[in-house]
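*Asks:* turn this into a structure:
(one chain, ligands or ions: 1)
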Amino acid sequence: MLRNSLIGSLRQIKPILCSQSLRSLSNGANSGLTTIEVDDKSGIATLSMNLPPVNTLTLNLMHDLIDSINQIECNKSRGLILTSSNDKVFSAGLDLKELYKPDQERLKEFWTIFQDLWLALHLCGIPTAAAINGHAPAAGCIMATACEYRVMLPDFVIGVHATRFSFLVSKWMMLSYQSVLPRRIVERALNQGKLFSTQEALEVGLIDEVAGSKKEALAQCAAFIGTFDKANPIARTLTKRMCRDSDVTELLRDRAGDLRACVDYINTPLFQEGLSAHLEGLKEKK
Ligand SMILES: CCCCC/C=C/C(=O)SCCNC(=O)CCNC(=O)[C@H](O)C(C)(C)COP(=O)(O)OP(=O)(O)OC[C@H]1O[C@@H](n2cnc3c(N)ncnc32)[C@H](O)[C@@H]1OP(=O)(O)O
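*Replies:* Sure, this is the predicted structure:
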């Protein structure tokens, strides 16, 4: 029963393009803001975000990420490692320009694709890991927590600092955080708008390991993916989805409601003023 509902909900959100032959994993259908490299020996795919300067989650980058995740899954790769081709920033989170004085139809499209991206990563059928080779604030952190394992390089920050600029996270984002961290830590960190240093993130369990270099981080993620070798892939996928069912159901139950609530909130003066000050702060930093 539960398995059927999981499979059913997956069908709803993932029009899988598995009819194509995808071993080459070309990015022809997308804007080229992601690259996929499959290691011939291990069969593990590395998915890199490649949108200078800081991998902000624009509509196009989110579209390309979803497309790439689908391709990697369809190609029956053994696992997926999410990383960045920028050596300072994993992802700066949502594109703030899309949220400032937004065009209403575009904002709806933007939020819907952000929901889609989270679902695609959260329900990805193969093992996933994030090689966090740079800062990962806000939605950068949420993407990492949607993966099953996190390896981070030193001297960067990760966390959801939304309250610092009057942002309110959706419940499914909070649950994503809470699937990795104890509830009391999530509550405090979200309220404080805390960005954890790599060391702090390791201490609280937001990340699983620290790596000395990107190469090491990728190797550590690959070693994690290798730990599933003895598991039957279908049983593993169904078990993963069963473990994640309640978090995902929270969003799938009322996607339209979440969209409405977020769009309404983004349009409030409280949010727009906080965002304006945050954007100014980013400019002044220079
Ligand atoms: C209901 C509401 C939603 C709630 C959930 C929210 C989710 C989100 O993800 S909101 C996004 C929050 N993200 C941030 O606040 C990150 C802001 N960025 C930074 O802190 C830094 O850029 C950095 C630490 C990620 C990297 O620092 P650095 O390498 O020094 O790069 P710059 O700060 O100089 O940035 C270069 C360039 O990019 C612009 N920029 C940075 N982040 C964003 C962004 N998230 N959206 C749009 N643009 C961004 C920055 O302004 C610079 O632009 P230029 O001045 O034109 O070069």
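
*Asks:* how many residues are close by the nearest residue to residue 132 once chain neighbours are set aside?
*Replies:* Counting by Cβ to Cβ, 6 or more residues apart in numbering, residue 152 is the residue found nearest to residue 132 once chain neighbours are left out, at 4.0 Å. Backbone N, C-alpha and C define where each C-beta goes, glycine included. When neighbours are counted by other Cβ atoms under 10 Å, residue 152 registers 29.

*Asks:* wait, residue 152 touches residue 214, no?
*Replies:* No - assessed by Cβ atoms under 8 Å, residue 152 is found out of contact with residue 214, at 10.7 Å.

*Asks:* got a list of what the residue of the chain found nearest the ligand touches?
*Replies:* Nearest residue of the chain to the ligand: residue 93, at 2.6 Å (Cβ to the nearest ligand atom). Residue 93 makes contacts with 56-57, 137-142, as judged by Cβ atoms under 8 Å, 6 or more residues apart in numbering.

*Asks:* what about residue 258, which SS state?
*Replies:* Classification of residue 258 using DSSP: H, G, I helix; E, B strand; the rest coil returns helix.

*Asks:* do I have it right that it meets residue 112?
*Replies:* No - if you go by Cβ under 8 Å, residue 258 and residue 112 don't touch, sitting 9.5 Å apart.

*Asks:* distance check, residue 282 against residue 57.
*Replies:* Residue 282 sits 16 Å away from residue 57, going by Cβ to Cβ, to the nearest Å.

*Asks:* more neighbours: which of the two?
*Replies:* Between residue 282 and residue 57, residue 57 has the larger neighbour count (other Cβ under 10 Å), namely 25 against 11.

*Asks:* nearest spatial neighbour of that one, skipping sequence neighbours?
*Replies:* Nearest-residue entry for residue 57: residue 94, 5.0 Å, with adjacent residues in sequence omitted and distances by Cβ to Cβ, 6+ apart.

*Asks:* do residue 270 as well
*Replies:* Among residues not flanking residue 270 along the chain, residue 166 sits closest, at 5.3 Å (Cβ to Cβ, 6+ apart).
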